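Enquirer: Here you go, sequence then predicted model.
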Amino acid sequence: GESVGLHLPTLSVQEGDNSIINCAYSNSASDYFIWYKQESGKGPQFIIDIRSNMDKRQGQRVTVLLNKTVKHLSLQIAATQPGDSAVYFCADRPIFSGGYNKLIFGAGTRLAVHP
Amino acid sequence: DAGVIQSPRHEVTEMGQEVTLRCKPISGHNSLFWYRQTMMRGLELLIYFNNNVPIDDSGMPEDRFSAKMPNASFSTLKIQPSEPRDSAVYFCASRRGQGQDGELFFGEGSRLTVL
């Protein structure tokens, strides 16, 4: 079956540095990818998404890169702030889900931002 | 908008008891999803509804789990009888539309502990 996994379970960065969170996915038929942030005790919150016909998309302080050749997704956070400390999940949507946005989530990476 | 509302936020029960988790999606959203989150398995999709109709319940662990959506503004996830391995955080999420990209809006979750 399909799965979405992460290379690093924990990432520690200094405040002000850039952060890069990586994600590998296994389903080459996925057409849509999304990053979520989850703070302690809260539900996941949308950060940014990207379709499979794109390789880069930018938001406010965040950039998502998609490399379909190696089935790799990354989230870049510029000038990381203490408020960015959270668990970050990538998710993909298999085409066979019929467009109902059936998202398959990865295990998550914890980002710890140190002053 | 009030967001996705889940209740109860926390529930502690004994093995064998029936548990009912409730969800009110965002008004106007016609897709609703139930996820379960554990340390071991991460975020797992249990079931999702579109226009109140269950579309895919392949993620429901076993017959002890059931979900209903009697109308567009309410859904329940029931576990009967509950077991200690059901202990997890259960999230409800909703979105507008079908076959479109876009984020899922998650509730704050219901933390279930089965003793």
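Expert: Happy to help now that I have it.
Enquirer: so after the helix or strand of chain A with the lowest mean pLDDT, what's the next helix or strand?
Expert: None of the helices or strands of chain A scores lower by mean pLDDT, DSSP states H and E than strand A:4-5, at a mean of 45. Where DSSP states H and E defines the elements, the next helix or strand beyond strand A:4-5 is strand A:10-14.
Enquirer: ok, is that next one in contact with chain B or not?
Expert: No. Applying CB under 8 Å from any CB of the partner chain, one finds strand A:10-14 out of contact with chain B, separated by at least 13.7 Å. To be clear about C-beta, it is placed using only N, CA and C from the backbone, and glycine gets the same treatment.
Enquirer: Next secondary structure element downstream of that strand?
Expert: Trace forward from strand A:10-14 with DSSP H and E and the next one is strand A:19-25.
Enquirer: Packing partners of that next one?
Expert: When contacts are defined as 3 or more CB pairs under 8 Å, 6 or more residues apart in numbering or on different chains; DSSP states H and E, strand A:19-25 packs onto strand A:4-5, strand A:10-14, strand A:72-77, strand A:86-94, strand A:109-114.
Enquirer: most neighbours per residue, which of the ones you listed?
Expert: Highest mean neighbour count of the helices and strands packed on strand A:19-25: strand A:86-94, a mean of 23 (counted as mean count of other CB atoms under 10 Å in any protein chain shown).
Enquirer: Relative to the helix or strand just after it, what are the paired strands and their orientations?
Expert: Later in the chain than strand A:86-94, the nearest helix or strand by DSSP H and E is strand A:104-105. Partners of strand A:104-105 in the sheet, by DSSP bridges, are strand A:86-94 (antiparallel).
Enquirer: what does the strand it pairs with contact?
Expert: With CB atoms under 8 Å, 6 or more residues apart in numbering or on different chains as the test, strand A:86-94 has contacts from A:2, A:4, A:6, A:21, A:23, A:25, A:27, A:29-40, A:44, A:47, A:73, A:75, A:101-111, B:42-43.
Enquirer: burial of residue 52, as a residue count?
Expert: Chain wasn't specified; assuming chain A. Here the number of neighbours of residue A:52 (other CB atoms under 10 Å in any protein chain shown) works out to 16.
Enquirer: think we crossed wires, I meant chain B
Expert: Residue B:52 has 15 neighbouring residues, counting by other CB under 10 Å.
Enquirer: my guess is it meets residue B:71, correct?
Expert: Yes. Applying CB atoms under 8 Å, one finds residue B:52 in contact with residue B:71, separated by 6.5 Å.
Enquirer: list the contacts for the residue lying closest to residue A:28 once chain neighbours are set aside?
Expert: In this structure, residue A:28 finds its nearest non-sequential neighbour in residue A:71, 6.4 Å apart by CB to CB, 6 or more residues apart in numbering or on different chains. By CB under 8 Å, 6+ apart, the residues touching residue A:71 are A:24-26, A:28.
Enquirer: could you pull out the strands for chain B?
Expert: For chain B, the strands defined by DSSP state E cover B:5-7, B:10-13, B:19-24, B:31-38, B:42-50, B:53-56, B:65-71, B:74-79, B:88-95, B:105-106, B:110-114.
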